[in-house]
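> everything below, folded, please.
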Amino acid sequence: MKAVSKLAPGYDNMSLVELEEPIAIEDKIKIKVAYTGICGSDIHTFKGEYNSKNTPVVLGHEFSGIVVEVGQNVKKVKVGDRVTSETTFTTCGQCIYCREKDYNLCPHRTGIGTQVNGSLADYVIAREESVHLIPDNVSLEAAALTEPIACCVHAALEKTTIQPNDKVLVFGPGPIGLLLCQVVKAQGAFVILAGITKDSKRLELAKELGVDVVADILKEDLAEIIADYTEGYGADKVFDCSGAVPAVNQGLSLTKKKGTFVQVGLFANKKNEIDQESIIQREINYVGCRSQKPSSWNLALDLLKSGKINTDKMITKVAELDDWRTAFETVMAGEEIKVLIKS
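Now for the predicted structure:
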């Protein structure tokens, strides 16, 4: 089968290769991949910014497809089912995090597309526990976005809660920021999305997606905007989806006293100068958020099923597997919102 593999650590070192077609045994499920979304982490891996210890490995972890084979221990999933899958492939099953199904925190977890072969291929293997059936009214294209939606659900609905009267500030109009805005809007909250001038097209899209206010922080006074909409108190909830230290520090100063700040975006450096004074003096709940867990997927699929997430406007390019490199270059150039690769 064809697959896009990270062959060695470092910049690029990726190629379209021929691999032996996998088989499904025990509790495993073989999926004919339909679509795979290119994630920011895939780009970091391409650039050699992530420590790729398990090379060679096939990338891809945001995907949808159709079941073509099941292992002898599979009980609920059958050939022909339209499915998507969590990224978790194995866990220790013993730690306190596994017992609570916080698989994203298991220290021995392995993930699809990172430690084991992923979905940028004709076929991918997933464990039955991680597989979810796609609702009948959700397309395979839309279902390929379940994973990033689940990450947003985990951030907005599990690491904190959103009330209909909340004023919510989101930094970063990338795919995660735009999806998170929609998850928050689905709860009835008022959403302000902050970006910079180069994000102008994405900020325009955000309006089409239902975001209440968009702000170019290089041209507008964000503090004044937040004050106007919150009676000077600050945003009830702030989500950073940018991983940019200046945005985080600006966001901390604009968070309501006793409010919640959720860190979704990853930083380029492990240690950064963060405005801890604001966290202390404003009694802010500064919350870390990593990936997603099984419950996040159920909520994400419910949002897709109910039409609360507009994936059609999010997916701006679909490329063939053979054209994976051009697709990656397009993402790196920032020319598209969400790019899918069709297998």
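
> so what's the residue nearest to Ser343 when sequence neighbours are not counted bridging to?
With sequence-adjacent residues excluded and distances taken as C-beta to C-beta, 6 or more residues apart in numbering, Ser343 is closest to Val33, at 3.9 Å. Any C-beta I mention is one placed from the backbone N, CA and C, and that applies to glycine too. In this entry, Val33 is beta-bridged to Gly65, by DSSP bridges.

> my guess is Glu86 contacts His132. True?
Yes: using C-beta atoms under 8 Å, Glu86 is in contact with His132, at 7.4 Å.

> more neighbours: the two, which one.
Per other C-beta atoms under 10 Å, whichever of Glu86 and His132 has more neighbours is Glu86, with 25 against 22.

> now that one: how far from Ser130?
4 Å (C-beta to C-beta, to the nearest Å).

> okay, and the common contacts of these two?
Listed as contacting both Glu86 and Ser130 by C-beta atoms under 8 Å, 6 or more residues apart in numbering are Pro294.

> for the strand or helix carrying Ile225, which positions count as buried?
Using DSSP states H and E, Ile225 falls within helix 222-230. Using 16 or more other C-beta atoms under 10 Å as the test for burial, helix 222-230 gives 222, 225-226, 229-230.

> okay if I get the residues you listed as TSV plus pLDDT and distance to Arg325?
Conversion of the buried residues of helix 222-230 to TSV gives the following (pLDDT from 0 to 100; distance: C-beta to C-beta, whole Å):
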residue	pLDDT	distance to Arg325
Leu222	98	38
Ile225	98	40
Ile226	98	42
Tyr229	98	44
Thr230	98	46
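
> between these, which is closest to Glu320?
Leu222 (40.9 Å; C-beta to C-beta).

> which residues touch the closest one?
Leu222 touches 194, 215, 250, 254, counting by C-beta under 8 Å, 6+ apart.

> identify those among these that sit within helices.
Among those, DSSP state H puts Gln250 in helices.

> highest neighbour count among the contacts of Leu222?
Using other C-beta under 10 Å as the neighbour test, the contacts of Leu222 are led by Ala194, with 29 neighbours.

> that one contacts Leu218, correct?
No: using C-beta under 8 Å, Ala194 is not in contact with Leu218, being 10.2 Å away.
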